[in-house]
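>>> What follows is a predicted protein model with its sequence.
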Amino acid sequence: MKPEKKSPAPMIRTNCLNQALIDRFLDAFWSERGVSRNTLASYDRDLRLLCHWLDEHGVSMEQATRAELLEYLAVRVRDGAKAATTARLLSSVRRFYRWQVRENMRKDDPTAQIEAPKQGRHLPNTLSEEEVEALLQAPDTSNAHGLRDRAMLELLYATGLRVSELVGIRLSELSLSHGVIRITGKGNKERLVPMGEEAHDWIQTYLRDARPTLMQGKDIAEHVFVTTRGSGMTRQMFWVMIQRYAFEGGIVRHISPHTLRHAFATHLLNHGADLRVVQMLLGHSDLSTTQIYTHVAQARLQDLHREHHPRG
């Protein structure tokens, strides 16, 4: 049974003249797509910045033309906005005006003939299999905190979960008998993710030997991964934790929880996994999002060729 969709908490903002219209769009967008609060905040910020700029030029958002939107984008680029930022901004504005057309608020879409800037393909930061092993070995598993941390790291690498999905796992979503987790990802889409034998064993050990100690008799938390306060782990706490273990494991470059998600996908492809299977496991709605990892895998193969081939 899917969890009931909860309305996001109201966001604090400085109003522009068309704030009420922006709010109507955000409500409709959330209702239709079930997007996260972070996504809504991003759209809200992009549209408010546009709204304020149009206010300063005496133009309402309902009446803005293609030329005025192009001028605004040009100003943002002159101010140092990168191609990825400009593309995201255009995506927010385009959705807003398509919604207006659909709701018969205006007849034309001023963004229809505006092309998104071309972006270079940035390969995600990942880890070698040796670096992952060093990271996984870093926690001291002789105590409850270390057992919890090892179980979380093992599960993250075994499943490729987003960190928000990892810390949000509830006991009711975990099936040790079947070795799977039910994950509710972006857009409230559910998927079943296998956890693998190694992660399964660490989770089982953690639940038996460490979680009761951390809970200190407070049997109130539904979250699998808890703190000594009896509450669930947060993304911020896990970010700090993984930075510490990377340092202790001798990994000198910057990593984040998402780095293990990248490593999960890259290592699967390196070992022959099908791209569509990786897409399903990651919860990507579009295969093109997953295809970036084929470039990472190819780059790794090229590095190995240069390193080991006599004419590399």
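Cool, the structure landed. Residues are numbered from 1 along each chain as shown.
>>> hey, let's count contacts and neighbours off CA atoms from now on
Fine.
>>> Neighbours of residue 136, how many?
The number of residues packed near residue 136 is 20, by other Cα atoms under 10 Å.
>>> mind listing what it touches?
Listed by Cα atoms under 8 Å, 6 or more residues apart in numbering, the contact set of residue 136 reads 150, 153, 154.
>>> thought residue 40 was touching residue 26?
Yes: when contacts are counted by Cα atoms under 8 Å, residue 40 is listed as touching residue 26 (6.8 Å).
>>> tell me the domain boundaries of this structure?
19-102, 129-308 (automatic domain parsing).
>>> Those: lowest mean pLDDT?
Across the domains of the chain, domain 129-308 has the smallest mean pLDDT, namely a mean of 82.
>>> so where do the strands sit in this structure?
Along the chain, counting by DSSP state E, strands occupy 174-175, 180-184, 190-194.
>>> Give me whichever of the ones you listed is most buried.
strand 180-184 (a mean of 19; mean count of other Cα atoms under 10 Å).
>>> That one - contacts with which helices or strands?
strand 174-175, strand 190-194 (3 or more Cα pairs under 8 Å, 6 or more residues apart in numbering; DSSP states H and E).
>>> so how far is it off the chain centroid?
16 Å (Cα atoms, centre = their mean, to the nearest Å).
>>> same check, this time on stretch 164-172
Distance, centroid of stretch 164-172 to centroid of chain: 14 Å (Cα atoms, centre = their mean).
>>> Tell me the spacing between the most centrally placed residue in the chain and residue 143.
The centroid of the chain falls nearest to residue 162 when counting by Cα atoms, centre = their mean (5.5 Å). Distance from residue 162 to residue 143, counting by Cα to Cα, to the nearest Å: 26 Å.
>>> Helices of the stretch 151-300 of the chain, residue ranges please.
Using DSSP state H, counting those that start in this stretch, the helices of the stretch 151-300 of the chain run over 163-167, 197-205, 211-215, 235-248, 257-270, 275-282, 287-290, 292-308.
>>> hmm, who's touching the first one?
Contacts with helix 163-167, where a contact means Cα under 8 Å, 6+ apart, come from 152, 156, 183-185, 223-225, 232-235, 257-258.
>>> Next, format the strands of the chain as a markdown table and append distance to residue 166.
Below are the strands of the chain laid out as a markdown table (distance: least, Cα to Cα, whole Å):
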| stretch | distance to residue 166 |
| --- | --- |
| strand 174-175 | 11 |
| strand 180-184 | 9 |
| strand 190-194 | 12 |
